[in-house]
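Trainee: Need coordinates for the following:
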Amino acid sequence: MDGPLALMLSLLAIVLLASSSPLIYSSLSHSNDHPRIPSATPRNPKFKTSRYKTECGTLADLSFIGCEVCKLAVEGLKDLVEKQSTEEDIVTFMTLICKKFDIEDDKVCDDVIKEYKDEFIGVALRLVLSPEEVCGILLGNNCGTPYDPNDLWNVTLPSTPKPPLTPRVLPKYSYRKHIKSFSPFSAPGEAGAGLWGTVDACDVPFSLVDSLFKHLSLIQDQFDVVYFTGDIPPHNVWNQSKGDQISALQQFTDLSLKYLPKKPIYCTLGNHESAPVNSFPPPYINDKDSISWLYEAVADSWKNWLPQETMPTIKSGGFYTVKLGDKFRLISLNMNYCNNMNWWLLINTTDPTGQLQWLVDTLQQSEDSKEKVHIIGHIHPGGGSCLKAWSWNYYRIVNRYESTIAGQYFGHSHTDWYEVFYDDVTFKRPTSVLYIPGSVTTFTSLNPGFRIYENDGMYQNSSWTTLDFTNYYLNLTEVNRSNKPVWQKEYSAKETYGLKTLFPEDWSELIYRMKANDTLFQTFHRHYYKMATPPSCTGKCKTDLLCDLKSGRSHDPALCVDIQS
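Mentor: Numbers count the residues shown, from 1 in each chain. Here you go, the predicted structure:
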């Protein structure tokens with residue numbers, strides 16, 4: 001990427017979503033004349049669209065498209081591709097749709113359609129679903145009937161009985177610290193941003209990223225390993241190439257080796273790593289649309305910290321497992337195969353790359369060997385960005401291996417929160433917690449931040465569970481005033497929230513304490529924004545956020561019934 005690279009964390013750009021909405025590209029028959037596109041008028045309201053809700057470059061809510069526009073777009077795109085229309089005609093048509101329905105401004109529509117044309121055409125050529133099935137997957141059952149395998153497929157769990165549960169107890173000695181930085185590079189700040197960036201809808205400049213790595217090098221005696229949960233390129237997704245993404249990856253690698261040469265850094269893939277964003281074809285797409293260009297590049301980067309035996313799964317699917325110590329293992333998942341904006345999954349969503357079955361097999365081997373496991377990933381499975389079938393299977397896997405999984409550390413959301421998992425019978429007993437510590441990028445209206453976890457470990461039969469964590473942030477308003485970047489402590493979990501331990505039951509209990517105690521909730525909400533000025537959050541806003549904390553799997557409103565009462 002030319003110019004200062006910006007390390008952006010895990011939130012999806014607004015523009016990205018406009019670009020990622022192939023379904024808005026209508027499906028009218030192609031002819032020598034320009035196809036007639038229905039107008040969104042009071043007399044024709046069903047073709048109306050509204051602005052969209054995004055989360056780290058993925059559409060958290062696709063309802064803005066509208067069912068009729070969605071079906072029209074899918075049918076029309078397939079029609080154009082099947083008639084072997086020229087790329088130029090398809091791009092012209094899709095760009096017209098983008099502008100006509102006010103999906104984005106004209107400049108972004110022009111660029112983003114060109115960025116996505118190969119993916120649109122590649123998916124349309126292979127798509128066997130009807131427009132109703134596609135739109136049911138993307139917009140929900142109210143818009144159509146999703147294809148059953150997407151909604152119902154299951155991975156196979158082994159017949160080995162689940163071990164008896166033992167009470168969780170605090171260790172009496174010895175622990176280890178590690179850092180999890182969700183930081184990536186980002187594009188230069190917009191006009192009006194200071195040297196160090198701004199708390200606005202901007203990514204962070206290279207100067208800020210460099211200051212973070214310098215700071216980490218000064219405090220590296222405080223942590224042993226780095227978990228980097230993905231998203232390096234910035235949010236200008238309408239103007240990126242494969243070469244840009246590889247350059248961004250190389251810049252991250254260079255900074256890591258320069259400032260933390262002796263620290264092992266374990267990474268996972270974010271949805272922004274590809275070009276176009278969110279585009280991660282499964283392995284059976286092995287032609288010019290193959291994702292091998294990216295997996296080869298990350299394998300070349302990650303080999304600085306990983307053994308050779310991890311390379312085959314990285315090159316085939318972007319995931320891996322590695323042993324970090326005696327009876328301690330790390331699993332890095334490629335969550336882009338649950339991403340609802342990965343259009344390639346419309347061809348077949350059933351366990352792409354076989355990753356979830358591989359996860360089951362790896363966890364069973366760890367259980368048999370009495371290992372404890374940390375899992376890192378990018379897109380958190382409880383959010384609307386993760387496809388339902390994938391998310392529900394993952395939830396079931398976590399429940400089965402709750403005694404083996406010692407921690408889950410994810411990204412994607414740029415804000416600071418968590419997701420609690422419960423048993424999958426009564427949904428009342430907490431089984432696991434997934435941490436989402438926030439981003440280095442300021443997108444949108446945030447301060448930059450990172451987190452250091454304190455974990456039990458480094459002795460025989462260590463639990464490797466998280467004992468406490470501390471968040472650090474950069475006050476951008478003050479830094480732009482003083483021109484001196486000072487990364488400072490924001491809060492520690494146990495002290496701030498009055499937690500006895502950081503077991504799943506403590507995090508579940510905190511949800512209900514915040515429901516009853518609004519002062520405590522507002523403290524949490526302030527940290528959610530990393531000490532930037534948060535918008536007001538009461539009533540439905542508060543209920544929705546507490547519901548998010550209870551939702552370890554997506555598309556399951558039943559998990560929140562008691563929060564909403």
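Trainee: Please enumerate the helices of the stretch 201-350 of the chain.
Mentor: 206-218, 242-259, 292-302, 311-317 (DSSP state H, counting those that start in this stretch).
Trainee: Check the stretch 351-500 of the chain too.
Mentor: Using DSSP H, counting those that start in this stretch, helices in the stretch 351-500 of the chain cover 355-368, 388-400, 476-482, 493-497.
Trainee: Which neighbouring elements make contact with the third one?
Mentor: This means helix 476-482. If you count contacts as 3 or more Cβ pairs under 8 Å, 6 or more residues apart in numbering; DSSP states H and E, helix 476-482 packs onto no helix or strand. In short, each C-beta sits where N, CA and C put it, glycine included.
Trainee: Dump that helix to CSV, keeping only the CA atoms.
Mentor: The C-alpha coordinates for helix 476-482 follow below in CSV (Å, rounded to 0.1, in the frame of the first residue of the first chain):
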residue,chain,number,x,y,z
LEU,A,476,-6.4,11.2,21.3
THR,A,477,-7.8,14.6,22.3
GLU,A,478,-5.0,15.1,24.8
VAL,A,479,-2.3,13.6,22.5
ASN,A,480,-3.2,15.9,19.6
ARG,A,481,-2.9,18.8,22.1
SER,A,482,0.4,17.8,23.6
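Trainee: what mean pLDDT does it have?
Mentor: In this model, helix 476-482 has a mean pLDDT of 92.
Trainee: try the first one
Mentor: Averaged over helix 355-368, pLDDT sits at 98.
Trainee: before we move on, back to that, which one of the helices of the stretch 201-350 of the chain lies nearest to Thr92?
Mentor: helix 242-259 (23.9 Å; Cβ to Cβ).
Trainee: ok, back up a step: columns mean neighbour count, distance to Asn154 and mean pLDDT on top of the helices of the stretch 201-350 of the chain, output as a markdown table?
Mentor: What follows is the helices of the stretch 201-350 of the chain, written out as a markdown table (neighbours: other Cβ atoms under 10 Å; distance: least, Cβ to Cβ, whole Å; pLDDT from 0 to 100):
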| stretch | mean neighbour count | distance to Asn154 | mean pLDDT |
| --- | --- | --- | --- |
| helix 206-218 | 19 | 42 | 94 |
| helix 242-259 | 18 | 34 | 96 |
| helix 292-302 | 18 | 27 | 98 |
| helix 311-317 | 18 | 20 | 98 |
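Trainee: Nearest to Asp468, out of these?
Mentor: helix 206-218 (19.2 Å).
Trainee: ok and the closest one relative to helix 242-259, angle-wise?
Mentor: Per axes from the mean of the first three to the mean of the last three Cα atoms, to 10 degrees, the angle that helix 206-218 makes with helix 242-259 is 30 degrees.
Trainee: from the middle of its chain, how far away would helix 206-218 be?
Mentor: In this view, helix 206-218 has its centroid 23 Å away from the chain centroid, taken as Cα atoms, centre = their mean, to the nearest Å.
Trainee: Show me what it is packed up against.
Mentor: By 3+ Cβ pairs under 8 Å, 6+ apart, helix 206-218 packs against strand 175-181, helix 242-259, strand 466-474, strand 487-492.
Trainee: rerun that using 10 Å as the cut-off
Mentor: strand 175-181, helix 242-259, strand 449-456, strand 466-474, helix 476-482, strand 487-492 (3 or more Cβ pairs under 10 Å, 6 or more residues apart in numbering; DSSP states H and E).
Trainee: Save the ones you listed as a markdown table, and put in distance to Gly438 too.
Mentor: Below are those laid out as a markdown table (distance: least, Cβ to Cβ, whole Å):
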| stretch | distance to Gly438 |
| --- | --- |
| strand 175-181 | 10 |
| helix 242-259 | 18 |
| strand 449-456 | 5 |
| strand 466-474 | 7 |
| helix 476-482 | 14 |
| strand 487-492 | 9 |
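Trainee: do you know which of these lies nearest Tyr395?
Mentor: Nearest of those (Cβ to Cβ): strand 466-474, 19.9 Å.
Trainee: Just to be sure, Val134 is in a helix?
Mentor: Yes - using DSSP: H, G, I helix; E, B strand; the rest coil, the assignment for Val134 is a helix.
Trainee: what about the residue nearest to it when sequence neighbours are not counted, is that helix, strand or coil?
Mentor: Distance criterion Cβ to Cβ, 6 or more residues apart in numbering; nearest residue to Val134, sequence neighbours excluded, is Val74 at 4.9 Å. Remark: Val74 carries the secondary structure label helix [criterion: three-state DSSP].
Trainee: Quick check: which of the helices of the stretch 351-500 of the chain is buried the most?
Mentor: Most buried of those, by mean neighbour count (mean count of other Cβ atoms under 10 Å): helix 388-400, with a mean of 23.
Trainee: starting at the chain centroid, how far to that helix?
Mentor: The answer for helix 388-400 is 16 Å, by Cα atoms, centre = their mean.
Trainee: Run the angle between that helix and helix 355-368 for me.
Mentor: Here helix 388-400 points in a direction 0 degrees away from that of helix 355-368 (the same axes, to 10 degrees).
Trainee: so what does helix 388-400 touch, helix or strand wise?
Mentor: Using 3+ Cβ pairs under 10 Å, 6+ apart: helix 388-400 touches helix 148-152, helix 355-368, strand 372-376, strand 405-409, strand 417-422, strand 430-436.
Trainee: returning to what we had before: the residue nearest to Val134 reaches Ile97, doesn't it?
Mentor: No - when contacts are counted by Cβ atoms under 10 Å, Val74 is not listed as touching Ile97 (11.8 Å).
Trainee: The two: which has the busier surroundings?
Mentor: Neighbour count, other Cβ atoms under 10 Å: between Val74 and Ile97, Val74 has more, with 29 against 26.
Trainee: pLDDT score assigned to that one?
Mentor: For Val74, pLDDT reads 85.
Trainee: Just want to check the distance between it and Thr92.
Mentor: Counting by Cβ to Cβ, to the nearest Å, the separation of Val74 from Thr92 is 18 Å.
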